[in-house]
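# no letters, just coordinates:
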Ligand SMILES: O=C(O)c1cc(C(=O)O)c2c(n1)C(=O)C(=O)c1cc(C(=O)O)[nH]c1-2
């Protein structure tokens, strides 16, 4: 333990700091997001992003189901299962996947053209599939750690909401409900994920693996944005 500015610093603090430091590799800094939030994207580019990001949205519950399947801890499963319900909803017309489809409609796309993946570019498919595969095949705590990019999501969501209202007013405002819901859900979700990771990762080795998992996820999100950027150039 080392003392810093009057407070006692533990290795656990260092671990959480190492995780939080990944904000520097988060996809909010991707040029496509930077242009999006500065109001510099065309209608076609926004539509391309919405259609491609749908593949991420629809696969998140499958990723979370893989974590549930691999997790032997009942308490963790009991809380983690809420993520699936949040995305899938309890009945038709509810949930985050449905909200994303409404965003697509508000942006002038049909749900059919989003659901049938006609706009889906190979790099986005590849990145999202890699994330689901990671959750299926890696130890479940690493998969939980990989979800911690959500620590950084609320700032980006808030900025995006403001940017959409200001620059892309051709998108019907009701379509932005997805982002509003995530502003509340994401902090709750990642608080739990951080609890789990700090409780389970006690050794330097397991902490290093958790940090690597988060690093991998930053690569997933960045690659996804690269693929969209490449498919919908300025
Ligand atoms: O729009 C975004 O920038 C963004 C980022 C992330 C993220 O950081 O992984 C998620 C989401 N949105 C999101 O909507 C979402 O439901 C979500 C779930 C997860 C996850 O890894 O479990 N990340 C994210």
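Here it is on my side, so go on. Keep in mind it's a predicted model, so treat the numbers as computed, not measured.
# pull the number of nearby residues for residue 61.
When neighbours are defined as other CB atoms under 10 Å, residue 61 has 18 of them. In this view, the C-beta of every residue, glycine as well, is placed from N, C-alpha and C.
# let me know the secondary structure of it.
Three-state call for residue 61 (DSSP: H, G, I helix; E, B strand; the rest coil): helix.
# wait, it sits on residue 80?
No: applying CB atoms under 8 Å as the test, residue 61 and residue 80 come out as separate, 11.1 Å apart.
# pretty sure residue 220 is touching residue 133, no?
No: assessed by CB under 8 Å, residue 220 is found out of contact with residue 133, at 10.4 Å.
# those two: which is more packed in?
Neighbour count, other CB under 10 Å: between residue 220 and residue 133, residue 220 has more, with 21 against 12.
# show me what the strand or helix carrying that one is packed against.
Element membership for residue 220, per DSSP states H and E: helix 204-231. Where contact means 3 or more CB pairs under 8 Å, 6 or more residues apart in numbering; DSSP states H and E, helix 204-231 is packed against helix 11-20, helix 31-37, helix 43-70, helix 122-137, helix 140-146.
# so for the ligand, which of those helices sits nearest?
When the helices and strands packed on helix 204-231 are compared by CB to the nearest ligand atom, helix 43-70 sits nearest the ligand, at 4.7 Å.
# got a pLDDT number for the residue positioned nearest the centre of the chain?
In the chain, the centroid-proximal residue (CA atoms, centre = their mean) is residue 150; its distance is 5.7 Å. On pLDDT, residue 150 comes in at 96.
# show me the contacts for the residue lying closest to it once chain neighbours are set aside.
The shortest distance from residue 150 to any non-neighbouring residue, by CB to CB, 6 or more residues apart in numbering, is to residue 190 (4.1 Å). Neighbouring residues of residue 190 by CB atoms under 8 Å, 6 or more residues apart in numbering: 147, 148, 150, 151, 153.
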